[in-house]
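Engineer: Let me see the structure of the following:
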Amino acid sequence: MNPGDRVRLEHDGRTHEGVLMPATTAERAVLKLDGGYNVGIDRKGSELEVIEAGVHDVGGADASESSRVDFDDDLPTIALVSTGGTIASTVDYRTGAVTARFDAEDVLRAVPDLAGRANYRGRVVANILSENMTPDVWQDLARAVHEEIEAGVDGVVVMHGTDTMQFSASALAFMLDTPVPVVFTGSQRSADRPSSDNVMNAVCAVEAAKSDCAEVMVCMHASDSDDRCALHRGTRVRKNHTSRRDAFETVGSTPLGHVEYDTDTVNLHEEHRERGATNLAVASTLETDVELLKFTPGTSERVLDAVGESAGLVLEGTGLGHVHTDWIPRIEELIEGGTTVVMTSQCLSGRVCDRVYDTGRDLLDAGVIEAGDTLPGTAKVKLMWALANEEDIERVMGESLAGECTERSVPAENLVEGGRAQ
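Structural biologist: Numbers count the residues shown, from 1 in each chain. This next block holds a predicted model:
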C-alpha cells in the first residue's frame with residue numbers, strides 16, 4: 001500500500017477508514033479521516049486493507065519531482081523565507097504535538113495552490129516555534145531578506161509563528177529599507193485540521209508580495225470566513241486572540257489593505273510606500289539590553305531593581321502614561337545611571353501625554369521619553385534599534401520611522417477604510 005490509497009485499518013477492536021498519508025515514522029500509519037482530521041495509529045498489532053488504490057495525490061517520499069515549480073519568465077519571483085511556526089508545521093504522531101519541521105520547499109508541496117502564481121526561492125533562516133524567537137534571529141532574518149531582495153526577487157514572504165509575529169515584523173520594519181513588499185504570514189491552525197488557515201494565508205501573502213505596497217506587512221485572515229486576508233502594517237499590528245483565525249488587528253488605524261481570496265485582488269486603502277520608492281538598505285544592529293515592564297496597581301517600585309541599569313526600559317503605563325508616584329525616584333536613578341526610559345500606554349488606542357497631570361510632569365522632569373501612540377511591544381523593538389543606530393533617542397522615539405506613531409489619534413469607532421474619520 002502507498003500514500004494516497006484508501007485503506008481500512010483495524011486496531012484494538014476499532015475500525016478506521018481513510019486515506020493513507022505520508023508518515024514521519026515507519027512504526028505508525030497516518031490516515032486522513034473523512035471528517036478532515038488526521039489520526040496516527042500503531043502499525044504493530046493492526047490489520048490494514050487497501051479499499052481503493054491511488055484515490056488521492058498526497059505527495060510523499062517521491063513527490064519532489066511532481067511538486068517542482070518550473071521557472072516562468074512571465075512570473076514574478078518571490079522568496080519564501082521560513083522561520084518555523086504552525087504554517088510550516090506538521091503533527092508528530094508519536095506524541096500528538098504540533099512540531100515545526102517543514103522547510104520553505106515543503107510549504108510549496110503542502111500548499112499546491114501556490115503553483116503558477118510566481119517563481120519561488122526557498123530559504124530557511126530558523127526552524128523554531130514562535131515563543132523561541134530571539135533578537136539574534138531577527139538580525140539573521142533581516143540580513144537574509146536583504147540578500148534575497150539584493151538578488152533580485154520581486155517580493156518576500158516570511159513564514160512565522162503567530163505568537164510573536166508582531167515583534168518580528170516590527171523589527172524588520174526598523175532594520176530594513178525595502179523597495180519591494182515584505183509580507184509576514186502564519187497559521188493559527190495546523191495543516192492537518194479541516195479549519196486550517198494555512199492555504200489561504202499563504203496564497204494571499206504571495207499575492208501581497210506581488211503588489212505595489214513596499215512595506216513590511218502581516219497578512220492574516222480578516223474574518224473567520226475564508227474570504228479575504230487583511231494586510232496590517234508591521235508596526236501597528238497586534239495579535240488580539242489566542243486561537244481565532246482572524247486574531248490579528250491593526251491598532252489605532254485601519255489595515256493597509258485586503259487581499260480577496262477568490263479573485264486574487266489586492267486592494268490598498270491606506271497611504272503606503274510604493275514599490276521602488278526607496279533604495280534597499282539594512283541596519284541590523286540592535287541593543288538587546290532593553291526591557292518592557294507593565295505597571296499595575298499595587299506593583300512595588302522594587303520590580304525596577306530587577307531591571308537594573310539596563311540600556312533601555314519601556315514602561316507600559318496607565319492612561320496617558322502614568323505609574324505610581326513612588327516609582328518616580330527610582331526611575332530617575334535609572335536614568336541618571338544611563339538607562340533610557342520610554343513611556344507608552346497600556347490602552348489599546350490613544351497616545352501618551354504626560355503634561356496633563358502632576359505625575360506625568362514629574363516623569364518628564366525625571367527624563368522619561370514619550371513614545372506617542374506607539375504600541376508597547378513595537379516601542380521596545382524600536383528602542384532596541386534606536387539605541388544601536390541613532391544619537392537623538394528622544395527625537396526618534398517621538399516620531400514615526402515606519403508608521404508606528406501617528407500624528408493624530410482617531411477614535412476607533414470613527415475609523416474607516418482609508419483611515420478617514422466619518
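
Engineer: For Thr278, list the residues it contacts.
Structural biologist: Asp177, Thr178, Pro179, Ala214 (C-beta atoms under 8 Å, 6 or more residues apart in numbering). C-beta coordinates here come from the backbone N, C-alpha and C atoms, glycine included.

Engineer: My guess is the third one contacts Glu274. True?
Structural biologist: To tie it back to what came earlier, the one meant is Pro179. No - with contact defined as C-beta atoms under 8 Å, Pro179 does not count as touching Glu274 (9.2 Å).

Engineer: Now do the contacts for Asp34.
Structural biologist: Counting by C-beta under 8 Å, 6+ apart, Asp34 has contacts Glu17, Gly18.

Engineer: Now for this structure, the helix or strand with the poorest mean pLDDT.
Structural biologist: strand 97-100 (a mean of 55; mean pLDDT, DSSP states H and E).

Engineer: ok so, going back, from the contacts of Thr278, which land in strands?
Structural biologist: Asp177 (DSSP state E).

Engineer: among the contacts of Thr278, who's most crowded?
Structural biologist: In terms of neighbour count, Thr178 stands highest of the contacts of Thr278 at 25 neighbours, by other C-beta atoms under 10 Å.

Engineer: What about it? Give its phi and psi, please.
Structural biologist: phi -120, psi 130 (degrees, to the nearest 10).

Engineer: Nearest spatial neighbour of it, chain-adjacent residues omitted?
Structural biologist: Ala214 (5.7 Å; C-beta to C-beta, 6 or more residues apart in numbering).

Engineer: Can you give me the buried ones in stretch 397-407?
Structural biologist: Met397, Gly398, Leu401, Ala402, Gly403, Glu404, Cys405, Thr406 (16 or more other C-beta atoms under 10 Å).

Engineer: Surely the residue nearest to Thr178 and Pro179 touch.
Structural biologist: Yes - contact criterion C-beta under 8 Å: Ala214 and Pro179 qualify, at 5.5 Å.

Engineer: where do the contact lists of the two overlap?
Structural biologist: Arg275, Gly276, Ala277, Thr278.

Engineer: Is there a quick PyMOL command that grabs whichever of the residues you listed are buried?
Structural biologist: This is the PyMOL syntax for the buried subset of these, where burial follows 16+ other C-beta under 10 Å:
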select buried, resi 275
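
Engineer: Let's have the shared contacts of Ala214 and Pro179 in CSV, adding distance to Val137.
Structural biologist: CSV is the format used below for those (distance: C-beta to C-beta, whole Å):
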residue, distance to Val137
Arg275, 27
Gly276, 28
Ala277, 28
Thr278, 24
